[in-house]
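Enquirer: coordinates only, no sequence provided:
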Ligand SMILES: [Fe+2]
Ligand SMILES: [Fe+2]
């Protein structure tokens with residue numbers, strides 16, 4: 001009885017903190033479901049950053065100039081960093097990075113489906129920066145105020161870097177649009193291929209997203225999928241006009257009454273197919289990650305050996321200090 005009452009009080013206090021828009025920190029009591037949801041969401045987010053390095057990494061060796069190569073390298077390295085902050089955030093919840101990595105490698109945990117599409121030309125690098133990182137920003141800016149402290153703080157830095165990603169993409173596209181007819185056609189083709197998958201990045205429609213309500217109550221999520229999708233469309237249409245590309249949606253038009261753009265529905269069958277593993281590059285992405293993991297084994301072993309040696313050295317130092325009364 002007492003135990004139950006205690007649990008009730010803890011739960012009430014927790015919700016109170018969340019409702020007051022204060023952060024939950026690693027040592028605070030939290031419901032199991034909250035912890036599980038966060039580990040799953042942050043892990044999926046971390047995996048997306050890491051797998052997301054592949055489609056663009058594909059173009060590093062073929063970037064058309066040293067400047068473009070330097071920009072692309074910096075961007076892809078940023079994504080690795082994002083993965084690291086996020087894995088670290090899951091560790092504050094008691095998860096083990098090796099365990100999450102393993103789940104990604106065997107396909108037990110997912111990453112964003114957007115990275116299961118191929119990058120066919122260099123224009124894809126620009127369009128990914130503009131649309132994919134742009135959609136990520138819409139998703140992630142509200143996460144800077146998410147209820148779990150370490151996640152919120154990681155997102156602040158990530159969002160700053162995502163803005164650079166979006167800008168470099170847009171700048172590349174602007175340059176290409178000022179180039180030859182062939183370059184303009186490449187940009188349009190990339191926009192045609194990436195527009196709908198970008199809209200799918202916000203997840204299924206609200207009425208097919210059963211976990212949204214609980215996540216909103218816990219303030220892990222601050223806006224629904226459809227709200228974020230609308231925000232992205234409203235933000236992107238004027239940018240497309242300025243760029244001089246056509247977004248491949250005949251239903252796209254300004255709705256003065258709503259004060260928003262109306263737009264068509266993505267192909268949700270395709271979305272579920274890609275989620276289930278049947279997208280154009282699912283197998284390739286996971287196989288590549290497995291290969292990279294195996295090839296990186298020696299780095300992990302070396303780092304572990306170094307850490308152990310260092311810990312032993314510090315141990316010896318502490319013993320010496322003890323023996324000399326703290327004067328080493
Ligand atoms: Fe990122
Ligand atoms: Fe990014």
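Expert: Arrived safely. Computed from a predicted model, the values in this text were never measured in an experiment. Numbers count the residues shown, from 1 in each chain. Ligands and ions are numbered 1, 2, ... in the order given.
Enquirer: got a list of what the residue of the stretch 101-250 of the chain found nearest ligand 2 touches?
Expert: Each residue of the stretch 101-250 of the chain has a distance to ligand 2, by CB to the ion, and the smallest belongs to residue 165, at 3.8 Å. For every residue, glycine as well, the C-beta is placed using N, CA and C. Applying CB atoms under 8 Å, 6 or more residues apart in numbering to residue 165 gives the contacts 75, 78, 129, 133.
Enquirer: next, count neighbours for the second one.
Expert: Here the neighbour count serves as a burial measure; for residue 78 (other CB atoms under 10 Å) it reads 20.
Enquirer: now do the same for it: helix, strand or coil?
Expert: helix (DSSP: H, G, I helix; E, B strand; the rest coil).
Enquirer: separation between it and residue 187?
Expert: Counting by CB to CB, to the nearest Å, the separation of residue 78 from residue 187 is 23 Å.
Enquirer: how many neighbouring residues does the nearest residue to residue 40 once chain neighbours are set aside have?
Expert: Among residues not flanking residue 40 along the chain, residue 109 sits closest, at 7.5 Å (CB to CB, 6 or more residues apart in numbering). Burial of residue 109, expressed as a neighbour count using other CB under 10 Å, amounts to 18.
Enquirer: may I ask which helix or strand encompasses residue 109?
Expert: When secondary structure is defined by DSSP states H and E, residue 109 falls outside every helix and strand.
Enquirer: same check, this time on residue 254
Expert: Assigned by DSSP H and E, residue 254 belongs to strand 253-255.
Enquirer: what packs against that strand?
Expert: Applying 3 or more CB pairs under 8 Å, 6 or more residues apart in numbering; DSSP states H and E, we find strand 253-255 packed against strand 260-262.
Enquirer: how much space between the residue most central in space within the chain and ligand 1?
Expert: Nearest to the geometric centre of the chain sits residue 45, at 4.3 Å (CA atoms, centre = their mean). Between residue 45 and ligand 1 the computed distance is 9 Å (CB to the ion, to the nearest Å).
Enquirer: what about that residue, which SS state?
Expert: Applying three-state DSSP to residue 45 yields a three-state assignment of helix.
Enquirer: interface residues of the stretch 151-300 of the chain facing ligand 2?
Expert: Within the stretch 151-300 of the chain, the positions adjacent to ligand 2 are 162, 165 by CB under 5 Å from the ion.
Enquirer: which non-adjacent residue is nearest the residue of the stretch 101-250 of the chain closest to ligand 2?
Expert: Leaving aside its sequence neighbours, residue 165 is closest to residue 133 (3.9 Å, by CB to CB, 6+ apart).
Enquirer: surely that neighbour is in contact with residue 170?
Expert: No - at 9.6 Å, residue 133 does not count as touching residue 170 under the criterion of CB atoms under 8 Å.
Enquirer: just the pLDDT for the closest residue to ligand 1 within the chain.
Expert: Relative to ligand 1, the nearest point of the chain is residue 82 (3.9 Å; CB to the ion). At residue 82 the predicted local distance difference test score is 97.
Enquirer: same check, this time on the one 3 residues further on
Expert: Looking at residue 85, its pLDDT stands at 95.
Enquirer: tell me which residues touch residue 203, please.
Expert: Counting by CB under 8 Å, 6+ apart, residue 203 makes contact with 209, 225.
Enquirer: tell me the SS of it?
Expert: What three-state DSSP gives for residue 203 is coil.
Enquirer: what phi and what psi does the backbone show at it?
Expert: As for residue 203, its main-chain torsions (degrees, to the nearest 10) stand at phi 90, psi 180.
Enquirer: what residues does the helix or strand bottoming out on mean pLDDT in the chain touch?
Expert: The least trusted helix or strand in the chain, going by mean pLDDT, DSSP states H and E, turns out to be helix 2-19, with a mean of 88. Contacting residues not belonging to helix 2-19 are listed as 23, 24, 28, 29, 30, 31, 34, 147, 217, 218, 219 [CB under 8 Å, 6+ apart].
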